[in-house]
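> sequence and predicted structure below; questions after.
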Amino acid sequence: MPAAPRQRRAARHAQPAAGSVAAAPRKQPITVERITDAALEVVATEGYDALTVRRVAAVLGTGPSSLYAHIVNKDDIADLLIGRLYAEVALPEPDPTAWREQLLGVYTQIRDQYLKYPGVSRAALATVPTNLETLRVGEGILAILLAGGIEPRTAGWARDALSLYVSAYALEQSLVQQRRRRQDQEWVLSHEELLDRFTALPAEKFPLTRRHAAELISGTGPDRFEFTLGLLMNNLRPAFDCPTARGGHKDRLPERQLDPADRDRDPVRSGPWPP
C-alpha cells in the first residue's frame, strides 16, 4: 500500500541513521560559461601570466582533460575572455555628425574592460577574433567609421590601428600596476623624481629634454589616451564630400588643454613616457 503524503514528507525530513554515509554533492557540469568565469577569476586575482588550462581546471575542481571537451587550447580561452569583455560594450547608432566622439566612447569602454583584469589585453594581440561578441563590436566600430565617410579599406586599417593602441595602452597600465606593488622596483619614479632626473641631464647632450621636461611628463594616463585616439582619428579623411562627415573643425575631437596641475593627478610614473 503506497505511503501517505505525510509519511513520505516525514521520511524526507528524517535524520540519516547513525553510521550512514551522506551522498556526495553532485558536481556542476563543465560548460564554456564556467570555463570563462574561472579564467576571468584567475586573471583578476593572479594576473594574465598565471592563466593556463591547468590553472583554470584547478579553479573548477577538475582536471585539464575535462576542459578539452569544450576548448581547443589556451588561445581558445583567450578568445572566450575577450568575447566576454566585449559583451559588456554598448554600441551607438552610427552618427555621421559625431562619429569621432562615438569611436572614443566605444574604445573607452573597451579600455575600461581591459583594465579590470590585469594583462588581459594580451589576449587580443596577435590573434584573429572568432567570438561573436568580439565580432559584434568590430562590426559596430566599422559601421561608425563608414558612417563618417571613411573609405572601407582605410576604415579597416584604422580600426586595427586604434584597437592595437587600446590593447597596448591597457597592457602597459597593467605592467605599471604590477611594478607599483613590488617594493624593490626602483624603475617606478614619482613625478618629482622624474622631473629631477630630466633637468639634471647634461645640457650639452640633452638641451631639449632639460628645457621641456615639465611638458614631456605632463598629463595623466586618460589624458594621453584621449590625445592619441584623437591624433589618429583627426587624421582620417572622409571619402565623400559631406560637410557633416568631412572632418572639418566642428567635427574634430577638441584638443585637450592640459592644466599644469594635471600632472600632479597621477603622481607615479613608470618611465619617461607615462602611460
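Thanks, I have it.

> pull the number of nearby residues for G47.
By other Cβ atoms under 10 Å, 16 other residues sit near G47. The C-beta positions use only the backbone N, C-alpha and C, and glycine is treated the same way.

> distance of the closest residue in space to it that isn't next to it in sequence from L189?
With Cβ to Cβ, 6 or more residues apart in numbering as the criterion, G47 has its nearest non-adjacent residue at 4.8 Å, and that residue is P118. For P118, the distance to L189 equals 21 Å [Cβ to Cβ, to the nearest Å].

> neighbour count: those two, which is higher?
Taking other Cβ under 10 Å, P118 and L189 do not tie; P118 has more neighbours (23 against 19).

> residue contacts, that one?
V43, A44, G47, Y48, S174, Q177, Q178 (Cβ atoms under 8 Å, 6 or more residues apart in numbering).

> which residues in the protein form strands?
189-190, 268-269 (DSSP state E).

> lowest average pLDDT across these?
Ranked by mean pLDDT, the strands of the chain bottom out at strand 268-269, with a mean of 37.

> output the longest helix belonging to this structure.
helix 152-180 (DSSP state H).

> now do the buried residues in that helix.
155-156, 158-159, 162-163, 165-174, 176-177, 179 (16 or more other Cβ atoms under 10 Å).

> what does stretch 62-81 give?
Those would be T62, L67, I71, K74, D76, I77, A78, D79, L80, L81, for stretch 62-81 by 16+ other Cβ under 10 Å.

> and for stretch 215-227?
In stretch 215-227, counting by 16+ other Cβ under 10 Å, buried: L216, I217, S218, G219, T220, G221, P222, D223, R224, F225, E226.

> for the residue lying closest to the second one once chain neighbours are set aside, grab the count of nearby residues.
Closest residue to I217 in three dimensions, ignoring its sequence neighbours and counting by Cβ to Cβ, 6+ apart: L194, at 5.5 Å. L194 has 20 neighbouring residues, counting by other Cβ under 10 Å.

> next: Q109.
18.

> return the residues in contact with it.
Taking Cβ under 8 Å, 6+ apart as the test, what Q109 contacts is E88, V89, A90.

> let me have these in JSON lines, extended by distance to L142, neighbour count and pLDDT.
Listed next are the contacts of Q109 as JSON lines, based on distance: Cβ to Cβ, whole Å; neighbours: other Cβ atoms under 10 Å; pLDDT from 0 to 100:
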{"residue": "E88", "distance to L142": "19", "neighbour count": "13", "pLDDT": "97"}
{"residue": "V89", "distance to L142": "14", "neighbour count": "20", "pLDDT": "98"}
{"residue": "A90", "distance to L142": "16", "neighbour count": "9", "pLDDT": "98"}
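
> residue ranges with poor pLDDT in the stretch 1-150 of the chain?
When residues are selected by pLDDT under 70, those of the stretch 1-150 of the chain lie in 1-26.

> tell me where it has helices.
Applying DSSP state H, counting those that start in this stretch to the stretch 1-150 of the chain gives helices spanning 5-13, 32-46, 53-59, 64-67, 74-86, 99-115, 132-147.

> can you say which of those helices is nearest to A123?
For the helices of the stretch 1-150 of the chain, proximity to A123 was assessed by Cβ to Cβ; helix 74-86 is nearest, at 3.6 Å.

> alpha carbons of the closest one, as PDB, please.
Below are the C-alpha coordinates for helix 74-86, written out as PDB (Å, rounded to 0.1, in the frame of the first residue of the first chain):
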ATOM      1  CA  LYS A  74      44.700  28.300 -24.100                       C
ATOM      2  CA  ASP A  75      44.200  30.500 -27.100                       C
ATOM      3  CA  ASP A  76      40.600  29.300 -27.200                       C
ATOM      4  CA  ILE A  77      40.200  30.500 -23.600                       C
ATOM      5  CA  ALA A  78      41.800  33.900 -24.600                       C
ATOM      6  CA  ASP A  79      39.100  34.200 -27.300                       C
ATOM      7  CA  LEU A  80      36.400  33.500 -24.800                       C
ATOM      8  CA  LEU A  81      37.800  36.100 -22.400                       C
ATOM      9  CA  ILE A  82      37.800  38.900 -24.900                       C
ATOM     10  CA  GLY A  83      34.300  37.900 -26.100                       C
ATOM     11  CA  ARG A  84      33.000  38.000 -22.500                       C
ATOM     12  CA  LEU A  85      34.500  41.500 -22.000                       C
ATOM     13  CA  TYR A  86      33.200  42.800 -25.400                       C
END
